[in-house]
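S.K.: I would like the atomic coordinates for the input below:
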Amino acid sequence: MVAQDLRVLGRPGPAGSGIGRYVQCLHDALCEHAGELGLRLKPITEPQRWEPLEHLLQARAVKRLGADVVHTPSLDFLSLRPGAPLVVTLHDLAPLKNPELYLRTGLLHRLRYRAVRRARRVMVDSSAVAEDAERMLGLDPERIAVVPLAVPPGFAPVSEPRARLSRLGAPEHFLLWVGSLDPIDPRKGVEALARAVERGDGPPLVLAGGASPAAGELLSVPGRVLVLGRVSDSELTALYTAADALVFPSEDEGFGFPPLEALACGTPVATYAAGSLPEVLAGAEGAALVEPGDAEALLDAAERLAGATARAPARDWAQVASEAAAVLREAAERT
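M.R.: All right, here's what the predicted structure looks like:
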């Protein structure tokens, strides 16, 4: 039996992020296909705090469940005493690559990475993350399992997308960027992208995703850059469908859902050839990769792609669940 830690879904920030999508999509797929995969799954949803006492209580709870293995699908709530053999999903190593930005809570991160090193198996979303884990954490390659993700359910072209966008005020033609702006993540390249759009004479840029007031004030440019803030999945799907192209200037990505979501909605993608993105987009139609850091080249590529046929790589969550289940079973069976 697998105890799967879903507590991250109870926290507003992670729940609305790519990691939240991963946790929910994988859990749903494992539950849907549990019979054919030979898997019994028990979710962990409490407690919602990260404290030493809570770790002891979690270990006791896991032992009472009789779990053969614990799967922690993000570093949130990761425990040094999980109560059973541990499988952890490591999505990226951005904190170790950029300690000045992410390691303000140094003790917490040290404990998390110590737990990763102790895990029986480590699942990663891409080969790029696997290489980082070997190099930066010293993990044995045999303990790492690359399990690429798939397009989240519900992302497909919609008819008459403008009807869903009436409240947002999006222009007739626009380029789209999707991600969190609360706070602005320097890795994502959105500031340089907004400035390049402001200087240029191409389509305006629409930024969709939770945004702090400071981010909105910094990035908004009347007539050129529109900061929408958080949108519903229905509105996001309509934005993808209506956009001329998605621009994704991330310079370090562990996986990256927005390019796949856009392609699934029939919208082409221009992105940097950085991190996992070349492998994530392998086999896609309507995707262009340019040299990282060149926002003008990215915009040029997006404008050339406008109207092109776009299609996401053929992979679904049943495949993801099957590969993840194999890792979980192997971890449970190993003595």
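S.K.: where does the stretch 201-335 of the chain dip in pLDDT?
M.R.: Along the stretch 201-335 of the chain, the parts satisfying pLDDT under 70 run over 335.
S.K.: which residues of it fall in strands?
M.R.: Taking DSSP state E, counting those that start in this stretch as the test, the strands found in the stretch 201-335 of the chain are 205-208, 225-229, 245-248, 269-272, 287-290.
S.K.: export those as JSON lines, with columns for mean neighbour count and distance to residue 133.
M.R.: All C-beta spots, glycine's among them, are computed from the backbone N, C-alpha and C. Shown next, in JSON lines, are the strands of the stretch 201-335 of the chain (neighbours: other CB atoms under 10 Å; distance: least, CB to CB, whole Å):
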{"stretch": "strand 205-208", "mean neighbour count": "24", "distance to residue 133": "31"}
{"stretch": "strand 225-229", "mean neighbour count": "20", "distance to residue 133": "34"}
{"stretch": "strand 245-248", "mean neighbour count": "28", "distance to residue 133": "23"}
{"stretch": "strand 269-272", "mean neighbour count": "28", "distance to residue 133": "22"}
{"stretch": "strand 287-290", "mean neighbour count": "22", "distance to residue 133": "23"}
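S.K.: pull out the buried residues from the longest helix seen in the chain.
M.R.: When the chain is parsed with DSSP state H, its longest helix is helix 317-333. For helix 317-333, the neighbour count (16 or more other CB atoms under 10 Å) marks 317, 320-322, 324-325, 327-329, 331-332 as buried.
S.K.: can you name every helix or strand that that helix contacts?
M.R.: helix 18-32, helix 34-37, strand 69-72, strand 86-90, strand 121-124 (3 or more CB pairs under 8 Å, 6 or more residues apart in numbering; DSSP states H and E).
S.K.: among the buried residues of helix 317-333, which one lies nearest to residue 85?
M.R.: residue 331 (5.4 Å; CB to CB).
S.K.: residues touching stretch 211-225, excluding its own?
M.R.: Contacts to stretch 211-225, defined as CB atoms under 8 Å, 6 or more residues apart in numbering, come from residues 180-184, 190-191, 194, 197-198, 204-205, 207, 226-230.
S.K.: output it as CSV - backbone C-alpha positions only.
M.R.: Provided in CSV are the C-alpha atoms of stretch 211-225 (Å, rounded to 0.1, in the frame of the first residue of the first chain):
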residue,chain,number,x,y,z
ALA,A,211,0.4,38.7,-9.4
SER,A,212,1.3,40.8,-6.5
PRO,A,213,0.4,44.6,-6.6
ALA,A,214,4.1,45.4,-7.0
ALA,A,215,4.5,43.0,-10.0
GLY,A,216,1.5,44.6,-11.6
GLU,A,217,2.8,48.1,-11.2
LEU,A,218,6.3,47.1,-12.4
LEU,A,219,5.3,45.2,-15.5
SER,A,220,2.1,46.9,-16.8
VAL,A,221,2.5,49.2,-19.8
PRO,A,222,-0.7,50.7,-21.2
GLY,A,223,-1.5,49.4,-24.6
ARG,A,224,1.6,47.1,-24.6
VAL,A,225,1.7,44.9,-21.5
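S.K.: circling back: tell me the most buried of the helices and strands packed on helix 317-333?
M.R.: When the helices and strands packed on helix 317-333 are scored by mean count of other CB atoms under 10 Å, the highest mean neighbour count falls to strand 69-72 (a mean of 27).
S.K.: tell me, how many residues neighbour residue 111?
M.R.: 18 (other CB atoms under 10 Å).
S.K.: give me the secondary structure label for it.
M.R.: Classification of residue 111 using DSSP: H, G, I helix; E, B strand; the rest coil returns helix.
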